[in-house]
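Asks: what shape does this take:
(one chain, ligands or ions: 2)
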Amino acid sequence: MTIRLRALSTHIGAQVEGIDLRRPLSAEQAQIIHDEMDRYAVLVFREQHLDDAQHLAFTQALGELEDARGSSLRANADFRLPTTFADVSNLDGNNQVFAAGDRRRLFAIGNRLWHSDSSFKPTPAKYSLLRAVRTPSRGGNTEFAHMGAAYDALDDEAKTLIEDLVCEHSQLYSRESVGFSEFTDEERVRFKPVRQRLVRTLPRTGRKSLYLSSHAGTIVGWTIPEARLLLRDLNEHATQRQFVYSHAWREGDLVMWDNRQTMHRARPYPADEPRDMRRTTLQGEGPTLAVEPGEHRAVQTA
Ligand code: OGA
Ligand code: MN
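Replies: Ligands and ions are numbered 1, 2, ... in the order given. Alright, predicted model coming up:
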């Protein structure tokens, strides 16, 4: 089989055909996937109907898994899936839909805000691979926005302003922004903010992108209102429709995205219907601050 790709929009996303993800991935196929991820940032594999083991095997053929634990309000008793998976469903440990007011649900629907996965971890995520096991009768799309295209479209003044800025990211910030602010002391410690560059460079292509996320709540050295206003402006710019692909799920789909050069968000759906989505995540190369802001600029202008 030959792998074929069909672009899904001007800036972002391609549908991949001619590959059976249930079978072991060859080194050549893995290389093609990495190259096309650099290029399209989102790859859609329609109706592959993987099971958990196949989903995990495909993921591990592409890199190092990220530890999926500790990022939600699920207790161990709520785990339906192996700890190698992020449970992105609205289901508890007994496969029952969370009540509308359930705290675990209200925390989880924070993913309806534009974000990049694990931007609140010191080493944030590289790729996420999300599979639809059960979809609701309507709604529940996932939208993706291309942060490289958004960066390119900024004017020079904005590019200069943000070049060396560093943000602090935490799930406390994203949740507080939608009025969810009751956290236990343990959660406040666990969700302690981490620093990330606002402009990052994709290692293999050298392309710059905006590293935005609803988890970003402060800019180091800035007042909070000014930081929030700049981040709001940048988010508004970066999520204009020309930078966005919206995925309407079919059961069995697997969509993978590059968190280094995209943001994504879930869209609403009926709260009483099950939506079973399962995600594996690959770890990034290291902290985005491994290159200090000053050093980065010196390299650039040399
Ligand atoms: C995720 C996520 C969005 C969705 O899996 O990281 O944000 O539509 N999912 O479920
Ligand atoms: Mn996400």
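
Asks: ok and the residue in the stretch 201-302 of the chain nearest ligand 1?
Replies: Ala266 (3.1 Å; C-beta to the nearest ligand atom). For the C-beta atoms, the positions are set from N, CA and C on the backbone; glycine is no exception.

Asks: let me see the contact set for that residue.
Replies: 109, 111-112, 140-142 (C-beta atoms under 8 Å, 6 or more residues apart in numbering).

Asks: which members of the residues you listed occur in strands, if any?
Replies: Among the contacts of Ala266, the members falling in strands (DSSP state E) are Thr142.

Asks: now list the buried members of the contacts of Ala266.
Replies: Among these, the ones that count as buried by 16 or more other C-beta atoms under 10 Å are 109, 111, 140-142.

Asks: tell me the residues of this protein that contact ligand 2?
Replies: Residues of the chain lying close to ligand 2 (C-beta under 5 Å from the ion) are 111, 117.

Asks: and the helices in the chain?
Replies: With helices called from DSSP state H, the chain shows them at 27-40, 52-60, 103-108, 147-152, 156-162, 171-176, 185-190, 224-238, 293-301.

Asks: ok, longest strand in the protein?
Replies: Longest strand in the chain, counting by DSSP E: strand 125-134.

Asks: what is the mean pLDDT for stretch 99-118?
Replies: For stretch 99-118, mean pLDDT is 97.

Asks: no wait, stretch 6-15
Replies: 98.

Asks: flag every buried residue along that stretch.
Replies: 8-9, 11-15.

Asks: what about it, distance to the chain center?
Replies: Centroid separation between stretch 6-15 and its chain, computed with C-alpha atoms, centre = their mean, to the nearest Å, is 17 Å.

Asks: what's next to it, contact-wise?
Replies: Outside stretch 6-15, the residues that touch it by C-beta under 8 Å, 6+ apart are 5, 17, 36, 39-46, 144-146, 149, 242-245, 247, 262.

Asks: and for stretch 242-255?
Replies: 8-13, 21, 42-50, 55, 58, 129-135, 140-146, 149-150, 153, 267.

Asks: ok so, going back, can the buried residues of stretch 6-15 go into CSV with extra columns for distance to Gly221?
Replies: As requested, these are arranged in CSV below (distance: C-beta to C-beta, whole Å):
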residue, distance to Gly221
Leu8, 39
Ser9, 36
His11, 32
Ile12, 32
Gly13, 36
Ala14, 39
Gln15, 43
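
Asks: of these, which is the nearest to Lys159?
Replies: His11 (17.8 Å; C-beta to C-beta).

Asks: roughly how far does the closest one sit from Gly70?
Replies: 33 Å (C-beta to C-beta, to the nearest Å).

Asks: is there any residue in stretch 116-130 that contacts ligand 1?
Replies: Yes: contact between stretch 116-130 and ligand 1, assessed by C-beta under 6 Å from any ligand atom, occurs at 117, 128, 130.

Asks: which residues are in contact with the closest residue to Ile3 other than its chain neighbours?
Replies: Counting by C-beta to C-beta, 6 or more residues apart in numbering, Gly18 is the residue found nearest to Ile3 once chain neighbours are left out, at 4.8 Å. For Gly18, the contacting residues are 1-4, by C-beta under 8 Å, 6+ apart.
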